[in-house]
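**Q** kindly generate the corresponding structure for this input.
(one chain, ligands or ions: 2)
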Amino acid sequence: MSKIFESEIKSNVEVAPAIFKLEIDAPELAKLSKPGQFAQIQLPSETFTLRRPIGIASTRKGVKMFYRVVGDGTKFLSTLKEGTTLNILAPLGNGFSMHYSHKILLAGGGMGLAPLLSVAEKLREVEVLIGGRNKDEVIFWIREFVHLPAVRSIFVTTDDGSYRYGRTGFVVDYLPEIMASSKFSAVYTCGPDVMMHGVALEAIANGLPCELSFERRMACGLGACLSCSIDTINGRKKVCKDGPVFDAKEFNWD
Ligand SMILES: Cc1cc2nc3c(=O)[nH]c(=O)nc-3n(C[C@H](O)[C@H](O)[C@H](O)COP(=O)(O)OP(=O)(O)OC[C@H]3O[C@@H](n4cnc5c(N)ncnc54)[C@H](O)[C@@H]3O)c2cc1C
Ligand code: FES
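**A** Numbering: from 1, shown residues only. Ligands and ions are numbered 1, 2, ... in the order given. This is a model prediction of the structure:
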């Protein structure tokens with residue numbers, strides 16, 4: 001059940017170039033949220049009428065979100081200081097199913113690691129594949145995942161090879177090797193569509209269930225405006241309400 005929260009910013013710090021970690025004071029939201037759900041943030045300025053959707057990345061010690069500055073809204077968000085009150089509609093969307101009892105592989109690219117972090121906090125056993133453009137864009141994710149009790153292994157890829165303990169290349173390049181090295185009960189993925197496509201095909205080829213978390217431009221975030229619709233084999237679905245998480249077999253890959 002989503003609600004409006006008036007939550008104070010506890011901190012809003014740059015953790016990599018143009019990537020910010022936002023911590024808000026919202027204990028009730030932390031209790032209500034399921035892994036993979038998101039928030040619609042109303043920016044405190046008349047310039048911005050539409051809320052901005054951001055994933056709820058962590059509820060372990062307060063509510064944390066990670067966002068990349070891409071346009072005017074996220075740029076404005078990055079200027080907000082500790083103590084500012086944000087109006088937040090949350091938690092929204094379905095979240096991951098979380099019904100697998102054995103080890104899950106989490107494969108994420110860029111800001112797609114955010115919902116996967118919330119999964120790793122709640123499950124018993126996971127391995128994590130972190131993909132990013134460069135060293136700066138993977139290091140802060142490694143720091144978030146590495147302390148979680150459920151995390152058994154972390155694999156890293158960077159597009160430019162600048163993280164020397166990881167591989168050069170993309171998430172999908174590394175995936176077959178990781179899948180062959182351990183027994184997984186499912187794969188959860190979030191990132192660019194092309195990456196998730198590759199991850200889903202690999203999971204299906206290995207007979208594993210796969211859940212994908214999609215990002216689409218949103219307006220209402222509540223299923224009313226249809227701006228976030230995608231095609232599935234079961235017809236048009238709304239990413240904000242029916243998703244953002246879908247079964248890979250349900251998605252229409254045409
Ligand atoms: C379910 C969901 C979860 C998300 N989680 C995260 C996250 O954890 N971290 C993160 O960095 N980003 C996340 N995004 C993307 C984030 O919403 C956009 O980057 C952000 O809205 C851009 O706003 P802007 O004003 O800076 O950009 P502008 O391009 O100026 O935005 C113009 C309008 O388009 C919308 N928009 C632009 N890009 C996107 C996008 N990719 N997805 C949805 N709406 C968009 C904006 O909300 C705004 O209404 C998520 C998107 C969705 C749908
Ligand atoms: S954003 Fe309005 S229906 Fe999804």
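**Q** so who does the closest residue to D247 other than its chain neighbours touch?
**A** The shortest distance from D247 to any non-neighbouring residue, by CB to CB, 6 or more residues apart in numbering, is to E211 (6.1 Å). (Glycine included, C-beta is placed from N, CA and C.) Counting by CB atoms under 8 Å, 6 or more residues apart in numbering, E211 touches F96, S97, A186, V187, Y188, T189, V245, F246, D247, A248.
**Q** give me the pLDDT for E211.
**A** Listed pLDDT for E211 reads 97.
**Q** next, the buried residues of the host helix or strand of it.
**A** E211 belongs to strand 210-213 when elements are defined using DSSP states H and E. Across strand 210-213, burial judged by 16 or more other CB atoms under 10 Å covers C210, E211, L212, S213.
**Q** near ligand 2 at all, the next helix-or-strand element following that strand?
**A** Sequence-wise, the next helix or strand downstream of strand 210-213 (DSSP H and E) is strand 229-232. No: figure legend: strand 229-232 not in contact with ligand 2 (CB under 6 Å from any ligand atom); closest approach 7.1 Å.
**Q** strand 229-232 packs against which elements?
**A** strand 235-238 (3 or more CB pairs under 8 Å, 6 or more residues apart in numbering; DSSP states H and E).
**Q** direction included, what does the helix or strand just after the strand it packs on pair up with?
**A** Next along the chain after strand 235-238, taking DSSP H and E as the criterion, comes strand 245-247. Strand 245-247 pairs in its sheet with strand 210-213 (antiparallel), by DSSP bridges.
**Q** send me the strand holding E211 as PDB with only the CA atoms.
**A** Taking Å, rounded to 0.1, in the frame of the first residue of the first chain, the C-alpha atoms of strand 210-213 are listed here in PDB:
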ATOM      1  CA  CYS A 210      14.700 -15.000 -14.400                       C
ATOM      2  CA  GLU A 211      13.100 -11.800 -13.200                       C
ATOM      3  CA  LEU A 212      13.800  -8.400 -14.900                       C
ATOM      4  CA  SER A 213      13.300  -4.900 -13.500                       C
END
